[in-house]
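# Below are the sequence and a predicted model for it; my questions follow.
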Amino acid sequence: MTLSEKQRELIEQIGIYHENNGFQPAVARVVGLLLVCDKPELTFEEISEGLNISKSATSNALNMLLNTGHIEYTTFSGDRKRYFRIKSSNWRELFAKKMEDLSHLNSLLKRVLEVRKRDNPIYDTKLNDFISFLDYMKAQMPRLIDEWEKSRA
């Protein structure tokens, strides 16, 4: 598999983005490769060689991405290899999970304000602003999704 310099740069940029969001470097690069590569699916060997990472790192990355639902694999009749691809059909589920995570964070932040004994009005104001924003986003999200779906019809 041959990747252009632009593809390699974009894989690295996607990798850095995902690292900043908690992924390990190899996991982040696998996501980047699967997104950027011209082929719709890649074998284990193609991923390992394309990223120049060890078989162990490739295996760990693929297992993590499979377990979290970010990727899936397919097989072809007469071929024992697994072909990995981005699981693009579940973007709504992943987004809903992110929103659920933010909602949980918001609940925790509200509890922080309840139990804090420090007198720091500037900090409290900033924390209340963030809580208010998260409440607003949660309330607006169904409307935004509905409007987006209508715009696609």
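Arrived safely, thanks for sending.

# any idea where the helices of this structure begin and end?
5-19, 25-36, 44-51, 55-67, 91-115, 121-152 (DSSP state H).

# Next, the angle from the fifth one to helix 121-152.
When you say that, I think you mean helix 91-115. Interaxial angle, helix 91-115 versus helix 121-152 (axes from the mean of the first three to the mean of the last three CA atoms, to 10 degrees): 160 degrees.

# got the contact list for the spatially most central residue of the chain?
What sits nearest the mean C-alpha location of the chain, by CA atoms, centre = their mean, is His18, with 6.7 Å. When contacts are counted by CB atoms under 8 Å, 6 or more residues apart in numbering, His18 touches Val27, Ala28, Val31, Gly32. The C-beta positions use only the backbone N, C-alpha and C, and glycine is treated the same way.

# Dump those residues to JSON lines, plus pLDDT, distance to Glu147 and neighbour count.
Formatted as JSON lines, the contacts of His18 follow (pLDDT from 0 to 100; distance: CB to CB, whole Å; neighbours: other CB atoms under 10 Å):
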{"residue": "Val27", "pLDDT": "97", "distance to Glu147": "34", "neighbour count": "22"}
{"residue": "Ala28", "pLDDT": "97", "distance to Glu147": "32", "neighbour count": "23"}
{"residue": "Val31", "pLDDT": "96", "distance to Glu147": "29", "neighbour count": "21"}
{"residue": "Gly32", "pLDDT": "97", "distance to Glu147": "31", "neighbour count": "22"}
